[in-house]
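In: my questions are about this predicted structure, shown below with the sequence.
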Amino acid sequence: MPELPEVQTVVDTLAPLAVGRQILRALHVRNDMLKPGGIDLFSLLKDRSVAAIQRRAKRIVFTLDDRARFYIHLGMTGQLTLDSHDTPIKTHTHLILQLEGGRQIRFVDPRRFGAIVWMGLDEHTHVGPEPLALRPDRLGRLLAKTSRAIKTALLDQTLIAGIGNIYADEALFIAGVRPTARACELKPDDILRLNRAIKLVLRRAIRAGGSSIRDYVDANGARGSFQERHRVYGREGKPCANCKTPIQRIVLGGRSTHFCPTCQAG
DNA sequence: CATTTCACCTGGTGGC
DNA sequence: TGCCACCAGGTGAAAT
């Protein structure tokens, strides 16, 4: 579910109310959601406070006052919310951080594709550059390295961080690039338009609070609205906003892929 | 190596 | 109503 705009929105809504607070205790820890396995999160968090909450790629990174870090990945169905201690606990709640002041950070994830990853003082495992700070020459060099379909390349987090299935399709539509085009065969002008389209769609989605297809909510439980402005994602058979041609759906790399056969000629 | 496929999970939806 | 097949924002391991 959550791609860069959704993760950014969670961070933006969580940080103001959680940063600077002490973690009184960790409750409800589901151990098979922890990586590496077997770590004692309770001890690691004991007497610590939250120094920072930031986004890197699709990760929500908590920095503690001892500089150690951990991150939460929301997978497909994860929610990270700030709730009052007396709010009923949902099923599939895998972590509760009791903060001073009576509020709790809660991690809910029915499908359990997400994770709680302890980093300690280590650096992030390798992920590509942030797309909002990416210049076209760098994007061009990254894409020149692979013969995969451009859509598949955009989903590769080691190439570019944070883009998922929705925003890959939406960016390719805005850029007028067919998802099946080989990444290494894009022309300089395609790269330029794609780079602009990626930034444009991500910024617009962040401003809209992300896309809520089904599960996604921000830290206050509020849904985003960008799903109302999707041009191709989830719109199979509906008329293209530009040319009325029915939006086509294919499967690429095992993922649903939506595009306009007319506007995205190549 | 690079690339592709598939398994990991739960739950909602739509067809019969 | 019930059952079942299919689908879903992600990712990493296994297969090719």
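Out: That came through fine.
In: show me the strands in the stretch 101-250 of chain A, by range?
Out: For the stretch 101-250 of chain A, strands defined by DSSP state E, counting those that start in this stretch occupy the ranges A:103-108, A:115-120, A:248-252.
In: correct me, but residue A:156 touches residue A:127?
Out: No: counting by Cβ atoms under 8 Å, residue A:156 does not reach residue A:127; the two are 10.0 Å apart. To be clear about C-beta, it is placed using only N, CA and C from the backbone, and glycine gets the same treatment.
In: residue A:204 contacts residue A:226, correct?
Out: Yes: counting by Cβ under 8 Å, residue A:204 does reach residue A:226; the two are 6.9 Å apart.
In: so residue A:36 sits against residue A:118, correct?
Out: Yes: counting by Cβ under 8 Å, residue A:36 does reach residue A:118; the two are 6.9 Å apart.
In: when the two are compared, which one has more neighbours?
Out: Neighbour totals were compared for residue A:36 and residue A:118, and residue A:118 leads with 17 against 7 (other Cβ atoms under 10 Å).
In: which single residue in chain A comes nearest to DNA strand C?
Out: For chain A and DNA strand C, the shortest gap (Cβ to the nearest atom of the strand) falls at residue A:164, measuring 2.0 Å.
In: that residue contacts residue A:3, doesn't it?
Out: Yes: applying Cβ under 8 Å as the test, residue A:164 and residue A:3 come out as touching, 3.5 Å apart.
In: mutual contacts of those two, please.
Out: residue A:58 (Cβ atoms under 8 Å, 6 or more residues apart in numbering).
In: just the buried residues of stretch A:152-170, please?
Out: Of the residues in stretch A:152-170, A:152-157, A:159-170 count as buried by neighbour count, 16 or more other Cβ atoms under 10 Å.
In: likewise for stretch A:139-146?
Out: A:139, A:140, A:142, A:143.
In: let's have these in a markdown table, adding distance to DNA strand B and pLDDT.
Out: Converted to a markdown table, the buried residues of stretch A:139-146 look like this (distance: Cβ to the nearest atom of the strand, whole Å; pLDDT from 0 to 100):
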| residue | distance to DNA strand B | pLDDT |
| --- | --- | --- |
| A:139 | 16 | 98 |
| A:140 | 16 | 98 |
| A:142 | 11 | 98 |
| A:143 | 11 | 98 |
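In: what's the farthest-apart pair in the residues you listed?
Out: Put simply, by Cβ to Cβ the two of those set farthest apart are A:140 and A:142, 7.3 Å from each other.
In: ok, residue A:155 - contacts?
Out: Counting by Cβ under 8 Å, 6+ apart, residue A:155 makes contact with A:163, A:164, A:165, A:168, A:253, A:255.
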